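J.: would you be able to build a 3D model of this:
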Amino acid sequence: MNELSQLRQGAFAPGNSAEIADSIATGSGIRIDVDRRRGRGAGLNMSGRFEPVTRETFDDGWQTIKDLPPFITEVQIEKPRSVITRNESPDIPFDRSVNPYRGCEHGCIYCFARPTHSYMGLSAGVDFESRLFAKPDAPRLLERELARPDYKLRPIAIGTNTDPYQPIEKEWRIMRQILEVLQAANHPVMIVTKSAMVTRDIDLLAPMAEKGLARVGISVTTLDRKLARTMEPRASTPAKRLEAMRAVSEAGIPTAVLVAPVIPALNDHEIERVLDASKAAGAAEASYVLLRLPLEVSPLFRDWLLRNYPDRYRHVMSLIRSMRGGKDYDAEFGKRMKGAGPYAWQIGRRFELAAKRLGLNLTRRQLRNDLFVPPLGMGMQLSLL
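T.: Below you'll find the predicted structure:
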């Protein structure tokens, strides 16, 4: 029996020896044929956790699985009643966000937003990357919500759940329209992306930044193009992200690098190199987030790890669990982003020392809240003054 077969049967897995076989091979769904999911991050497409029945694709002898068509990107229109999502999480620096899309074509295997597709009756696996939802009414709804008399101004974060600059944005341009609404209202905005497409909107972001109303964070997980292609199959290459960082910074837009997620024994050795490259590209601030594996993300990530780095599986998962109280994930506020224990402390200390050496995070520019001009939204009563 070779090492990969042993790993898939759980022989070398930390904890329960049957864990891999139970949660990946049978419990989480059959692996999708590589030709059908080419260009996708996930190798599984298990049923959503809220579904009353579980379905699996198998070869019944009538027609081979290889004859099934490949997964293509499908986009449906979603019509929400509101577009601003609020949260009260004490460990994130914003209390509201806007998501132009549901699901993300980038296909990052580690994406903590994958479980949200279960609310749509879809899989957190390949469905999350290929069956997407666009919200073309988002700009209009945002304008209406900003125009409400009881609206209380706070910076809006975009890109915190799914990437606003994923490939379908080229056609739908919803993010562009949202920025136009925010610019007209002088509303502060924080953007996070791993796409070079953000440079398309420099003409909007630069004037906003000049007023202290915009900043951009670009996620750089690794400088290894091969690892990035495997882990984030449809996101911009690391080199393109650094180029975008330079362009955004040179346009006068406050720019940050997010080393996220940090995955022990896979990309954590690159922390200093990523910060060095980002500083050279113009980043003034930096932060990091430890890998998070909530709900369906855990079996998806473990399956990906077995397929691509079987020799590292045991070591990676052992280190992750050492930082998560012996579990794949600990959702406790204050720990979910950074982890706990000696290895987590070491990662944090390395990051702090590298950032200090490079002069990152010396100042954190706060966005202005005093320039806001409420839009005259549709259906809103005009002022008599």
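J.: residue 75 falls within a strand, correct?
T.: Yes: if the criterion is DSSP: H, G, I helix; E, B strand; the rest coil, then residue 75 is within a strand.
J.: quick one, helices of the stretch 151-300 of the chain?
T.: For the stretch 151-300 of the chain, applying DSSP state H, counting those that start in this stretch gives helices covering 169-172, 174-184, 202-210, 225-231, 238-250, 271-280, 297-308.
J.: how much space between residue 39 and residue 196?
T.: 18 Å (Cβ to Cβ, to the nearest Å). Where C-beta positions appear, they are placed from N, C-alpha and C, glycine not excepted.
J.: ok, residue 104 next?
T.: For residue 104, the distance to residue 196 - Cβ to Cβ - is 16 Å.
J.: more crowded one of the two?
T.: Under the criterion of other Cβ atoms under 10 Å, the comparison of residue 104 against residue 196 puts residue 104 first, with 27 against 21.
J.: where's the more buried one, which helix or strand?
T.: Using DSSP states H and E, residue 104 sits within no helix or strand.
J.: that one and residue 327, how far apart?
T.: Noted for residue 104: a distance of 25 Å to residue 327, by Cβ to Cβ.
J.: counting neighbours, what do you get for the closest residue in space to residue 123 that isn't next to it in sequence?
T.: Closest residue in space to residue 123, ignoring its immediate chain neighbours: residue 45 at 4.7 Å, by Cβ to Cβ, 6 or more residues apart in numbering. When neighbours are defined as other Cβ under 10 Å, residue 45 has 27 of them.
J.: isn't residue 45 up against residue 32?
T.: Yes: the pair residue 45 and residue 32 passes the contact test of Cβ atoms under 8 Å, sitting 5.6 Å apart.
J.: how about the nearest residue to residue 319, chain neighbours excluded?
T.: Nearest-residue entry for residue 319: residue 264, 3.7 Å, with adjacent residues in sequence omitted and distances by Cβ to Cβ, 6+ apart.
J.: residue 320 is in contact with the one you found, correct?
T.: Yes: with contact defined as Cβ under 8 Å, residue 264 and residue 320 form a contacting pair (6.2 Å).
J.: more neighbours: those two, which one.
T.: Shown here are residue 264 and residue 320; by other Cβ under 10 Å, residue 320 has more neighbours (26 against 23).
J.: so residue 373, which of the three states?
T.: coil.
J.: and it, backbone torsions?
T.: When read as degrees, to the nearest 10, the backbone of residue 373 gives phi -120, psi 110.
J.: picking that back up, what's the closest of the helices of the stretch 151-300 of the chain to residue 154?
T.: helix 174-184 (12.6 Å; Cβ to Cβ).
J.: how far does the closest one sit from the chain's center?
T.: Distance of helix 174-184 from its chain centroid, counting by Cα atoms, centre = their mean, to the nearest Å, is 21 Å.
J.: send me it as CSV with only the CA atoms.
T.: Output in CSV follows, covering the C-alpha atoms of helix 174-184 (Å, rounded to 0.1, in the frame of the first residue of the first chain):
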residue,chain,number,x,y,z
ILE,A,174,-21.8,45.7,-10.3
MET,A,175,-18.8,46.6,-8.2
ARG,A,176,-18.1,49.6,-10.5
GLN,A,177,-21.6,50.8,-10.1
ILE,A,178,-21.4,50.4,-6.3
LEU,A,179,-18.3,52.6,-6.2
GLU,A,180,-20.0,55.2,-8.3
VAL,A,181,-22.8,55.4,-5.6
LEU,A,182,-20.3,55.6,-2.8
GLN,A,183,-18.2,58.3,-4.6
ALA,A,184,-21.3,60.5,-5.2
